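A.B. asks: whatever this is, show me its structure:
(one chain, ligands or ions: 2)
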Amino acid sequence: MEIVRGTAAFPGIAIGEARYYYQAENSEEKNLDASAQLALLSRARDRLEKELLETKTEENQERLWEEQEILHSSAFFKALEDMICSEKVHATYALAVTEREMEEAFGGLETPFIKKRLQAMNRVSERLLFILEELTRKTSFLVRPGIVVAEALTPAQMISLEKENLLALVTRVGSEVAHSSIMAKSLNVPVLADVDVKSEWNGKLVIVDGYTGNVYIDPDAETWKEYEIRRKCEFLEKEALLCLKDEEDVTLDGKQVGIYANIGSLDDLDSVKYYGAAGIGLIRSEFQYLGRENYPGEEELFEGYRNVAEAMEGKLAIIRTVDLGADKQSEYMKIPPEINPIMGNRGIRFCLDHREILKSQLSAIYRAGAYGRLAVMYPMITSLEEIDELRLLEEEVKAELRERKLPFCDDMETGIMIETPAAVMISRELAQRVDFLSLGTNDLTQYTLAMDRQNPNLKDKYLDHHPAILRMIELVILQGHKEGCKVMICGELASDITLTEKFLKMGIDALSVVPACILPVRKVLRSVKISERR
Ligand code: PEP
Ligand code: MG
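C.D. replies: Residues are numbered from 1 along each chain as shown. Ligands and ions are numbered 1, 2, ... in the order given. This next block holds a predicted model:
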């Protein structure tokens, strides 16, 4: 038995088969079906060819011509195909290796022609890797229940997993507030980060302890038995909490505070109901945009939101407009590479640059609002100008819906996420413009401390209980209330039961947490007296 220690990012115990998630370009996985890999490569090549033709303009034609030359270069592709056939490796891996070998062979030459050709080869390889990665992801990975072990997983990769078979998530890169962890938490499975994962674990029996952060590989009989018992006890404890499912979210001295659910996919609607959430405080709408080949159209979005509105039977559901960019992107979005994507053109900045995308989402939300109680919320706000522009855009969208004679909700509540220090500092003015504020403490912590929320090397320094964060939360509640705005927390801090009492005493109006955390938070809430001195 091997025991490896990591960081516990979400509690729970899982026992099952490890499934190592090969990141194709650095995966040395062998004995694959070579003809399938060749077919994949050919699909990627065709797609890139099409893309080059579609994006051709006067200015970029020389550059594109160089790239087309590479795409048609028989030497480059022959080397690639030979490697796939002889070693039976991933097309992506063969591509990365072939590119590296070409660099090593010709990179030292000063000839301008060779240099240009190598640069074009790099650009083509980069695009192909991206496309191949997307195409590969569509093939089934978790065909039976398993524990996913990976170096790191992007939100798009998470979305493509067969969720019903996910028993636990174990990654090297990541943290409690990384998006992949948050998605696994919504499925109520244990999550570990900062684990020294190994591909040799693939297929082995492992135990994941989401309380201590330990992973047991090939556990001995005694450990296995002990964990089977612990898993059963854990199940019973969780069952016992279910008696709170239909209880009110009210403190001992009678203050009503909503405990809402955060969801990242329509599949999570069942657990929202199962745990008796007061409503949905955050729908991360990215799930409809990632892991696909094109932006979803208004009708598709509308159908999804109408589903939510109807399923919630009169309870509130807050849809956050799509927060794309940084780690949440797909190839078709063609977001240019950024040196620092976390600080890049993301969230509302991206949407205001691509107004048509935002407009179709808003139309879909307003239309679905005719079927239940929905609210709209904007991510990553940093200025008053942004929200003023958004309010005008909302009117534009509504006017178009009137013209199209479609039913829609004309008086939907609007909120914004407070997840940048700038938004905290102008929260009073922002509150004058909207109906509610929602503190996104994951990003707020990341931007306030200037520490990447998913960097495992910062795990001891990334302190979400930092006094700066707690004071910011208090300030936003105060400023929001001055303007009659409701203030909630929808970042991961909302589920930290060591802070529930503090938040209640600060005057928070609602907390929104992953469904599995609703009952533990409700239990604490119902035992607190807000009127007691702090
Ligand atoms: C947050 O930043 O706290 C938040 C809720 O948004 P996300 O985790 O999706 O970035
Ligand atoms: Mg955020």
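
A.B. asks: mind checking the SS state of the residue in the stretch 101-250 of the chain that ligand 1 sits nearest to?
C.D. replies: For the stretch 101-250 of the chain, the residue positioned closest to ligand 1 under CB to the nearest ligand atom is residue 182, at a distance of 5.9 Å. C-beta: built from backbone N, CA, C; applies to glycine. Under DSSP: H, G, I helix; E, B strand; the rest coil, the three-state class of residue 182 is helix.

A.B. asks: wait, what's in contact with it?
C.D. replies: When contacts are counted by CB atoms under 8 Å, 6 or more residues apart in numbering, residue 182 is found next to 262, 264, 442, 492, 514.

A.B. asks: out of the residues you listed, the closest to residue 131 would be?
C.D. replies: Checking the contacts of residue 182 against residue 131 by CB to CB gives residue 264 as the nearest, at 24.9 Å.

A.B. asks: hang on, the closest one packs against residue 286?
C.D. replies: Yes - in terms of CB atoms under 8 Å, residue 264 counts as a neighbour of residue 286; the distance is 7.4 Å.

A.B. asks: ok, residue 286 - how many residues close by?
C.D. replies: 23 (other CB atoms under 10 Å).

A.B. asks: how close does the closest residue to it other than its chain neighbours sit to residue 271?
C.D. replies: With CB to CB, 6 or more residues apart in numbering as the criterion, residue 286 has its nearest non-adjacent residue at 5.1 Å, and that residue is residue 328. For residue 328, the distance to residue 271 (CB to CB, to the nearest Å) stands at 22 Å.

A.B. asks: of those two, which one has the most company?
C.D. replies: Set side by side, residue 328 and residue 271 give different neighbour counts by other CB under 10 Å, the larger being at residue 328 (24 against 18).

A.B. asks: off-centre distance for stretch 312-331?
C.D. replies: 10 Å (CA atoms, centre = their mean, to the nearest Å).

A.B. asks: just put the contacts of residue 182 in CSV and tack on pLDDT and neighbour count.
C.D. replies: Shown next, in CSV, are the contacts of residue 182 (pLDDT from 0 to 100; neighbours: other CB atoms under 10 Å):
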residue, pLDDT, neighbour count
262, 97, 28
264, 91, 23
442, 96, 22
492, 95, 25
514, 95, 25
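
A.B. asks: and those residues near ligand 1, which?
C.D. replies: Restricting those to those within reach of ligand 1 (CB under 6 Å from any ligand atom) leaves residue 442.

A.B. asks: in helices, which of the contacts of residue 182 appear?
C.D. replies: Secondary structure from DSSP state H places residue 442 of those in helices.

A.B. asks: for the stretch 351-500 of the chain, what lies in contact range of ligand 2?
C.D. replies: Selection of the stretch 351-500 of the chain residues close to ligand 2 by CB under 5 Å from the ion yields 419, 440, 443.

A.B. asks: repeat that for 8 Å
C.D. replies: Neighbours of ligand 2 within the stretch 351-500 of the chain, by CB under 8 Å from the ion: 379, 380, 417, 419, 440, 442, 443, 491.

A.B. asks: can I get these in JSON lines including distance to residue 338?
C.D. replies: As requested, these are arranged in JSON lines below (distance: CB to CB, whole Å):
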{"residue": "379", "distance to residue 338": "17"}
{"residue": "380", "distance to residue 338": "15"}
{"residue": "417", "distance to residue 338": "21"}
{"residue": "419", "distance to residue 338": "19"}
{"residue": "440", "distance to residue 338": "21"}
{"residue": "442", "distance to residue 338": "20"}
{"residue": "443", "distance to residue 338": "16"}
{"residue": "491", "distance to residue 338": "23"}
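
A.B. asks: which ones among these map onto strands?
C.D. replies: With strands defined by DSSP state E, the entries of those inside them are residue 417.

A.B. asks: so which two of the residues of the stretch 351-500 of the chain next to ligand 2 are the farthest from each other?
C.D. replies: Pairwise distances among those were taken by CB to CB; the largest, 12.9 Å, belongs to 380 and 491.

A.B. asks: joint contacts of these two?
C.D. replies: With contacts taken as CB under 8 Å, 6+ apart, the residues that reach both residue 380 and residue 491 are 419, 443.

A.B. asks: neighbour count winner among the two?
C.D. replies: Using other CB under 10 Å, the more surrounded residue of residue 380 and residue 491 is residue 491, with 30 against 23.

A.B. asks: can you report phi and psi for the more buried one?
C.D. replies: Note on residue 491: backbone dihedrals following degrees, to the nearest 10 are phi -80, psi 170.

A.B. asks: ditto for residue 7
C.D. replies: Torsion angles, degrees, to the nearest 10, at residue 7: phi -110, psi 130.

A.B. asks: quick check: residues of the stretch 201-350 of the chain near ligand 1?
C.D. replies: Checking the stretch 201-350 of the chain against ligand 1 by CB under 6 Å from any ligand atom, the hits are 282, 284, 323.

A.B. asks: which of these tops the neighbour count?
C.D. replies: Taking other CB under 10 Å to define a neighbour, the member of these with the most is residue 282, carrying 26 neighbours.

A.B. asks: and it, what does it touch?
C.D. replies: With CB under 8 Å, 6+ apart as the criterion, the residues that contact residue 282 are 260, 262, 263, 318, 320, 377, 438, 490, 512.

A.B. asks: need the max-distance pair from the residues you listed.
C.D. replies: Every pair of the contacts of residue 282 checked by CB to CB; the farthest is 263 and 438, at 14.3 Å.

A.B. asks: now do the lengthiest helix in the chain, average pLDDT.
C.D. replies: When secondary structure is assigned using DSSP H, the longest helix within the chain turns out to be helix 112-137. Confidence over helix 112-137 (mean pLDDT, whole number) is 83.
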